[in-house]
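Asker: Sequence plus predicted model, see below.
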Amino acid sequence: MNREFLEKYPSYKNYFKNFLGGWSFENGDRTLTIKDIGEQEMYDQETGGKKVEPVIWFEEEQLPMVLNVTNGDTIAKVLGTGQWQNWIGQRIIVGTEKVRAFGKVTMAIRVKDEIPAPVEAYVCERCGQVIKEGRRLVEQTRADFGQALCIDCARKAKAEANG
């Protein structure tokens, strides 16, 4: 099996879609960081033609989320601003909710009306950089080397230990 393919497309639905969908959150709500906001052309289910809609890209996802008015209103409320440029870099909680759309009940992406918990930040005790990999790497490097290390410094420490 192609591991890269399976990681990129964990579900067959992901392969056939250009945007995040309800299936993207089958394992529950997730906290996501807004990376960019723009617009993208897509299929218009009502007219059968094409339309351009706003979309949000996240640091943690490859696909964008189509931004509807409901989610836009919730983001503005949670972040305290309707100015899109102020949303970049901010974190929101995204999940699903049952909604009636296009004549059927379906799971739709919904931004939750709550502020995400603060992110735990760890700093490398050698180089001072933020440890992006998080607590797991911190715990491992403290056990192995007696220090919280970023991935680059952990590799150097391992090479030094191996002589």
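Answerer: Perfect, I can see it now.
Asker: What's the separation between the residue positioned nearest the centre of the chain and residue 92?
Answerer: In the chain, the centroid-proximal residue (C-alpha atoms, centre = their mean) is residue 60; its distance is 3.2 Å. To residue 92, residue 60 is 11 Å away according to C-beta to C-beta, to the nearest Å. C-beta coordinates here come from the backbone N, C-alpha and C atoms, glycine included.
Asker: so what sits against both of those two?
Answerer: residue 32 (C-beta atoms under 8 Å, 6 or more residues apart in numbering).
Asker: Wasn't the residue nearest to the centre of the chain part of a helix?
Answerer: No - looking at residue 60 with DSSP: H, G, I helix; E, B strand; the rest coil, it is coil, so not inside a helix.
Asker: Now it. Nearest residue, chain neighbours left out?
Answerer: Closest residue in space to residue 60, ignoring its immediate chain neighbours: residue 32 at 5.3 Å, by C-beta to C-beta, 6 or more residues apart in numbering.
Asker: care to break the chain down by domain?
Answerer: Structural domains assigned to the chain are 3-111, 120-163, following automatic domain parsing.
Asker: Output those in a markdown table, with mean pLDDT appended to each entry.
Answerer: Output for the domains of the chain, formatted as a markdown table (pLDDT from 0 to 100):
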| stretch | mean pLDDT |
| --- | --- |
| domain 3-111 | 88 |
| domain 120-163 | 90 |
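Asker: where along this protein do the helices fall?
Answerer: Along the chain, counting by DSSP state H, helices occupy 3-8, 12-16, 69-79, 135-145, 151-162.
Asker: Dump the C-alpha coordinates for the first one into PDB.
Answerer: Going back to what we said before, that points to helix 3-8. Extracted C-alpha coordinates of helix 3-8, given in PDB (Å, rounded to 0.1, in the frame of the first residue of the first chain):
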ATOM      1  CA  ARG A   3       1.400   5.100   2.900                       C
ATOM      2  CA  GLU A   4       1.700   8.600   1.600                       C
ATOM      3  CA  PHE A   5      -1.600   8.200  -0.400                       C
ATOM      4  CA  LEU A   6      -3.400   6.700   2.600                       C
ATOM      5  CA  GLU A   7      -2.200   9.600   4.900                       C
ATOM      6  CA  LYS A   8      -3.300  12.200   2.300                       C
END
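Asker: and that helix, what does it pack onto?
Answerer: The helices and strands touching helix 3-8, judged by 3 or more C-beta pairs under 8 Å, 6 or more residues apart in numbering; DSSP states H and E, number zero.
Asker: The chain should start at 11 in everything you say after this.
Answerer: Yes, from this point I'll number from 11; that puts the last item at helix 13-18.
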